[in-house]
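# sequence first, predicted model second:
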Amino acid sequence: MEKNSNIEMITGDPKKAINKLSIPIIASMFLIFANNIIDSIWVAGLGAEPLAALGYITPLFMVLIGIGNGIGAGGNSLISRYIGAENRNSANNAAIHNLILGIILSIVVSIILLVFLEPLLNIMGASSVLNYAMQYGTIIFSFSFAMLLPPIFGGAFRAEGDVKRATLPIAITAIINMCIDPIFIYTLNLGVAGAAWATVLAHILSIIAMLYWMFIKKDTYLKYGRDYFKNDLSMYKDILVVGIPASLEQLILSALTIVVNFMLTLVSGPVAVAVYTAGWRIINLGMLPAIGVGTASISVAGVAYGARKYENLRVTARYAVKVALIASIIVCILLNVFANQIAFVFSYSESSAQLEPLIASFIQLMCLFILYVPFGASAGNVFQGVGKGTISFILTAFREFVLVLVFAYLLGFVFNMGETGIYYGMLLGGGIGSLICYTCIELYINKLIRSRDNGV
């Protein structure tokens with residue numbers, strides 16, 4: 001199979017491949033999350049209610065992003081395994097199937113979210129800020145394709161090791177969004193709706209760039225012309241076998257946020273939701289090194305699995321955890337030290353000034369959650385890379401929707417610790433669940449090696 005430098009990189013030393021792939025992914029994710037945070041900062045200037053409205057939309061928005069990332073992971077996994085097996089024709093065909101699937105899902109998801117948006121917001125307890133939430137959500141979900149397609153297309157680019165094209169358009173999009181946010185919100189006086197329009201318009205630019213590379217410039221390793229396409233329903237199935245569980249993982253995380261928002265509404269009201277919305281975005285930002293390294297490991301694990309180099313699979317899992325944990329410790333320390341300064345950017349206006357000490361306390365406590373992420377994220381992404389998306393989903397669901405919620409409920413309500421108890425419960429459940437996830441990937445890799453050595 002003809003190779004270029006990117007293919008040689010992902011089929012070579014797993015450690016070098018993870019290093020090269022993860023840094024651009026982390027940088028791109030940082031800009032995306034920074035964009036989300038800056039959205040909150042600009043909207044915070046409108047008051048606590050508009051900021052809380054974004055908090056209620058955020059879980060649904062993350063479902064949308066999660067579907068894109070999930071299908072992108074499914075395409076990434078399948079294409080990587082074909083590349084590892086040195087089957088370029090099938091890799092090309094899988095990339096085209098990935099693109100078609102993304103377009104179909106964009107249409108379906110947009111319709112579903114728009115139809116059920118208002119009922120979902122009411123169920124989530126957003127009735128007090130429903131008008132703001134509907135203004136923002138209707139615009140975002142009318143253009144769901146703008147958020148869905150870039151990570152799906154990016155999954156194919158990452159599979160061939162072309163991480164720059166997978167991340168650069170998305171990064172530039174985030175920067176543009178940050179710049180035009182205040183124009184749409186304040187200069188054009190569109191308020192919350194302005195933040196939504198800025199997000200949509202910026203994301204469309206990344207789609208244009210990716211389509212240009214695939215269909216006009218045509219200098220990607222994977223080819224997208226009609227001559228390379230042969231309809232194969234099994235390829236859609238293979239992408240979805242990883243993509244659906246990966247998407248459902250984000251649904252689980254979003255559902256967790258919805259339930260936590262509801263719990264906080266019961267114990268403290270909209271102010272607690274606003275604090276959680278702002279503070280949790282900072283914690284999500286701190287998770288980026290671990291998530292970026294984990295995302296990089298999908299391609300590396302897929303190639304190793306396709307080539308039956310299971311020792312490389314073990315190296316991938318262990319090295320991903322090691323690198324991500326070191327970075328997470330550094331991030332956790334920085335967040336703890338600068339919590340007050342970070343909290344200030346969410347409480348600079350007179351109407352939101354009372355949030356500053358609450359957000360700072362939240363960050364100092366919940367930054368500990370970041371230390372668990374390397375174990376769960378790396379294990380889950382390696383499972384996705386080898387095509388075992390269902391296992392990754394089951395482990396994530398057990399960790400987040402069983403352990404985290406059960407402990408949050410017990411400490412918050414049964415032991416009557418209120419808001420603080422909910423946060424302690426999230427920490428306890430997340431820690432236990434992440435260690436279980438990593439134990440499972442080690443056992444799975446050991447089983448693969450034994451099976452191969454026994455001639456199975």
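Perfect, I can see it now.

# from here on, contacts and neighbour counts on C-alpha atoms
Will do.

# so where's the stretch 51-200 of the chain shaky on pLDDT?
For the stretch 51-200 of the chain, no stretch is flagged by pLDDT under 70.

# apologies, that question was intended for the stretch 301-450 of the chain.
Where the stretch 301-450 of the chain drops to pLDDT under 70, the residues are 347-352.

# can you give me the helices for it?
Here the stretch 301-450 of the chain has its helices, by DSSP state H, counting those that start in this stretch, at 310-337, 339-344, 356-366, 373-385, 389-397, 405-409, 418-453.

# over to the stretch 51-200 of the chain?
88-123, 130-142, 144-159, 163-182, 192-211.

# picking that back up, out of the helices of the stretch 301-450 of the chain, deepest packed?
Compared across the helices of the stretch 301-450 of the chain, helix 373-385 shows the largest average neighbour count, a mean of 30 (mean count of other CA atoms under 10 Å).

# helices and strands around that helix, which ones?
helix 48-84, helix 288-306, helix 310-337, helix 389-397, helix 418-453 (3 or more CA pairs under 8 Å, 6 or more residues apart in numbering; DSSP states H and E).

# so the second one versus helix 310-337, what angle?
This points to helix 288-306. Helix 288-306 runs at 180 degrees relative to helix 310-337, counting by axes from the mean of the first three to the mean of the last three CA atoms, to 10 degrees.

# who are the packing partners of helix 288-306?
helix 5-10, helix 14-44, helix 48-84, helix 144-159, helix 310-337, helix 373-385.

# relative to helix 48-84, how tilted is that helix?
Going by the same axes, to 10 degrees, helix 288-306 is angled at 20 degrees with respect to helix 48-84.

# kindly report the same for the fourth one.
Note on geometry: by the same axes, to 10 degrees, helix 389-397 and helix 48-84 are set 150 degrees apart in direction.

# what's the closest non-adjacent residue to Asn284?
Phe33 (7.7 Å; CA to CA, 6 or more residues apart in numbering).

# how many neighbours does the one you found have?
18 (other CA atoms under 10 Å).

# measure it to Ala307 for me?
Phe33 sits 35 Å away from Ala307, taking CA to CA, to the nearest Å as the criterion.

# same question, Phe398
31 Å.

# now do the same contact list for the residue nearest the centre of the chain.
By CA atoms, centre = their mean, the chain has its centre lying nearest to Gly66, at 5.8 Å. Applying CA atoms under 8 Å, 6 or more residues apart in numbering to Gly66 gives the contacts 246-251.

# also Thr420?
Gly412.

# where's it relative to Gly191, distance?
32 Å.

# same check on Arg450?
60 Å.

# what's the answer for Gly70, then?
32 Å.

# likewise for Gly47?
Distance from Gly47 to Gly191, by CA to CA: 11 Å.

# then Lys164?
Counting by CA to CA - Lys164 and Gly191 are separated by 34 Å.

# the more surrounded of those two?
Legend: neighbour count by other CA under 10 Å for Lys164 and Gly191, higher for Gly191 (23 against 16).

# circling back to that earlier point, what's the closest of the helices of the stretch 51-200 of the chain to Phe413?
helix 88-123 (20.2 Å; CA to CA).

# buried stuff in that closest one?
88-99, 101-102, 105-106, 109-110, 113-114, 117-118, 121 (16 or more other CA atoms under 10 Å).

# so the residue nearest to Asn284 sits against Leu285, correct?
Yes: counting by CA atoms under 8 Å, Phe33 does reach Leu285; the two are 6.0 Å apart.

# and the helices of the stretch 51-200 of the chain: which comes nearest Ile445?
helix 144-159 (21.1 Å).

# next one: stretch 396-406 to chain centre, how far?
17 Å (CA atoms, centre = their mean, to the nearest Å).

# CA atoms of that stretch as CSV?
What follows is stretch 396-406, C-alpha atoms only, in CSV (Å, rounded to 0.1, in the frame of the first residue of the first chain):
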residue,chain,number,x,y,z
THR,A,396,-19.1,5.2,30.5
ALA,A,397,-22.8,4.7,31.3
PHE,A,398,-22.0,2.7,34.4
ARG,A,399,-19.5,5.3,35.5
GLU,A,400,-21.4,8.5,34.8
PHE,A,401,-25.1,7.5,35.0
VAL,A,402,-24.9,5.0,37.8
LEU,A,403,-21.9,5.7,40.0
VAL,A,404,-21.7,9.5,39.7
LEU,A,405,-25.5,10.0,40.0
VAL,A,406,-26.0,7.5,42.8
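
# need the contact partners of that stretch.
Against stretch 396-406 from outside (CA under 8 Å, 6+ apart): 249, 252-253, 256, 376, 380, 425-430, 432-434, 437.

# go on, stretch 276-284?
In contact with stretch 276-284 (CA under 8 Å, 6+ apart) are residues 33, 36-37, 40, 51-52, 54-55, 261, 343, 346, 359-360, 362-363, 366-367, 369-370.

# repeat for stretch 138-153
Residues contacting stretch 138-153 (CA under 8 Å, 6+ apart): 64-65, 67-73, 75, 98-99, 102-103, 106-107, 109-111, 113-114, 117, 166, 170, 193, 196-197, 199-200, 203-204, 206-207, 210.

# on that earlier part again, between the helices of the stretch 51-200 of the chain, which gets nearest to Ile23?
helix 163-182 (9.3 Å).

# can you dump the C-alpha atoms of that closest one in PDB for me?
Provided in PDB are the C-alpha atoms of helix 163-182 (Å, rounded to 0.1, in the frame of the first residue of the first chain):
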ATOM      1  CA  VAL A 163      -4.400  15.800  12.100                       C
ATOM      2  CA  LYS A 164      -3.800  19.400  10.800                       C
ATOM      3  CA  ARG A 165      -6.800  19.200   8.400                       C
ATOM      4  CA  ALA A 166      -8.900  17.500  11.100                       C
ATOM      5  CA  THR A 167      -8.300  20.300  13.600                       C
ATOM      6  CA  LEU A 168      -7.200  23.500  11.800                       C
ATOM      7  CA  PRO A 169     -10.600  24.500  10.300                       C
ATOM      8  CA  ILE A 170     -12.300  23.900  13.700                       C
ATOM      9  CA  ALA A 171      -9.700  25.900  15.500                       C
ATOM     10  CA  ILE A 172     -10.000  28.800  13.100                       C
ATOM     11  CA  THR A 173     -13.800  28.600  13.400                       C
ATOM     12  CA  ALA A 174     -13.500  29.000  17.200                       C
ATOM     13  CA  ILE A 175     -11.300  32.000  16.900                       C
ATOM     14  CA  ILE A 176     -13.700  33.700  14.400                       C
ATOM     15  CA  ASN A 177     -16.700  32.900  16.700                       C
ATOM     16  CA  MET A 178     -14.900  34.600  19.600                       C
ATOM     17  CA  CYS A 179     -14.300  37.700  17.600                       C
ATOM     18  CA  ILE A 180     -17.800  38.100  16.200                       C
ATOM     19  CA  ASP A 181     -19.700  37.200  19.400                       C
ATOM     20  CA  PRO A 182     -19.700  40.700  20.800                       C
END
